[in-house]
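> below is the sequence, then the predicted model.
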Amino acid sequence: LCVLVSLVDALRRREIYVAGAARWRNPEEDLPADFEDNRDVHYRDLRQPLDAGEFIASIQELMRRRTAELATAIEKNRSGGVKVKTVRGEYRWHVPELGKLPVPANLAALHAEVARRGGRSSCWTSSRKPTSTPASPTRSPRWPLARRPRGR
């Protein structure tokens, strides 16, 4: 199991690749064919410096600046309730819950339009044939409009 977890992590980091795969292909194939010859042109198009140290320094400066802005916002109580608290001697971020969000104004109009069309949205027309999978013994319904049961 540990080996599989390590392999998945390496795939996600693109340290290894699967030959012939689309998603997990060789990352070198994602680069333009002339990348090494025209590296300066490609970096300029991406608005990134050629020097890795300069790139890292700019990222670090951005992080310092944003952290200072956040500290100022927390001090002035303009951070939306975000605070830094101490839990068992360690600093932890405290982000308040948003609570229940209001219902979007156009949701009732959307429901009415779907109901007016006979319970089908434009992508599920009457010409669409129901689909089935090898795992399902019966065919799927024709996408009726149904409300979810409450209280579950």
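Yep, it's here. Numbering: from 1, shown residues only.
> residues in contact with Q48?
Neighbour list for Q48: F55 [criterion: CB atoms under 8 Å, 6 or more residues apart in numbering]. For the C-beta atoms, the positions are set from N, CA and C on the backbone; glycine is no exception.
> ok, now Y43?
The contact partners of Y43, taken as CB under 8 Å, 6+ apart, are 49-50.
> try it again at 6 Å.
For Y43, the contact set (CB atoms under 6 Å, 6 or more residues apart in numbering) comprises L50.
> for it, give its distance to A33.
According to CB to CB, to the nearest Å, Y43 and A33 sit 16 Å apart.
> please go through this protein and pick out the longest helix.
As assigned by DSSP state H, the longest helix anywhere in the chain is helix 52-75.
> which residues touch that one?
Contacts of helix 52-75 (CB under 6 Å, 6+ apart): 49, 79.
> run the angle between the helix or strand just after that helix and helix 52-75 for me.
Next along the chain after helix 52-75, taking DSSP states H and E as the criterion, comes strand 83-87. Calculated by axes from the mean of the first three to the mean of the last three CA atoms, to 10 degrees, strand 83-87 forms an angle of 90 degrees with helix 52-75.
> buried residues, strand 83-87. List them.
For strand 83-87, the neighbour count (16 or more other CB atoms under 10 Å) marks no residue as buried.
> quick one: pLDDT of A135?
A135 carries a pLDDT value of 50.
> swap that for G80, sorry
Taking G80 on its own, its pLDDT is 86.
> what's the answer for V18, then?
The per-residue pLDDT reported for V18 equals 87.
> if we can go back for a sec, mean confidence (pLDDT) on the longest helix of the chain, please.
If you average the pLDDT over helix 52-75, you get 94.
> pull the CA atoms of that helix into PDB?
Taking C-alpha atoms only, helix 52-75 is exported to PDB below (Å, rounded to 0.1, in the frame of the first residue of the first chain):
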ATOM      1  CA  ALA A  52      15.600  30.800 -11.000                       C
ATOM      2  CA  GLY A  53      17.000  32.800  -8.000                       C
ATOM      3  CA  GLU A  54      15.300  35.900  -9.300                       C
ATOM      4  CA  PHE A  55      12.000  34.100  -9.700                       C
ATOM      5  CA  ILE A  56      12.200  32.700  -6.200                       C
ATOM      6  CA  ALA A  57      13.100  36.100  -4.800                       C
ATOM      7  CA  SER A  58      10.100  37.700  -6.500                       C
ATOM      8  CA  ILE A  59       7.800  35.000  -5.100                       C
ATOM      9  CA  GLN A  60       9.300  35.500  -1.600                       C
ATOM     10  CA  GLU A  61       8.800  39.300  -1.800                       C
ATOM     11  CA  LEU A  62       5.200  38.800  -2.900                       C
ATOM     12  CA  MET A  63       4.500  36.500   0.000                       C
ATOM     13  CA  ARG A  64       6.100  38.900   2.500                       C
ATOM     14  CA  ARG A  65       4.100  41.800   1.100                       C
ATOM     15  CA  ARG A  66       0.800  39.900   1.200                       C
ATOM     16  CA  THR A  67       1.500  38.600   4.700                       C
ATOM     17  CA  ALA A  68       2.200  42.200   5.900                       C
ATOM     18  CA  GLU A  69      -1.100  43.300   4.300                       C
ATOM     19  CA  LEU A  70      -2.900  40.400   6.100                       C
ATOM     20  CA  ALA A  71      -1.300  41.400   9.400                       C
ATOM     21  CA  THR A  72      -2.400  45.000   8.900                       C
ATOM     22  CA  ALA A  73      -6.000  43.900   8.000                       C
ATOM     23  CA  ILE A  74      -6.100  41.700  11.100                       C
ATOM     24  CA  GLU A  75      -4.900  44.500  13.300                       C
END
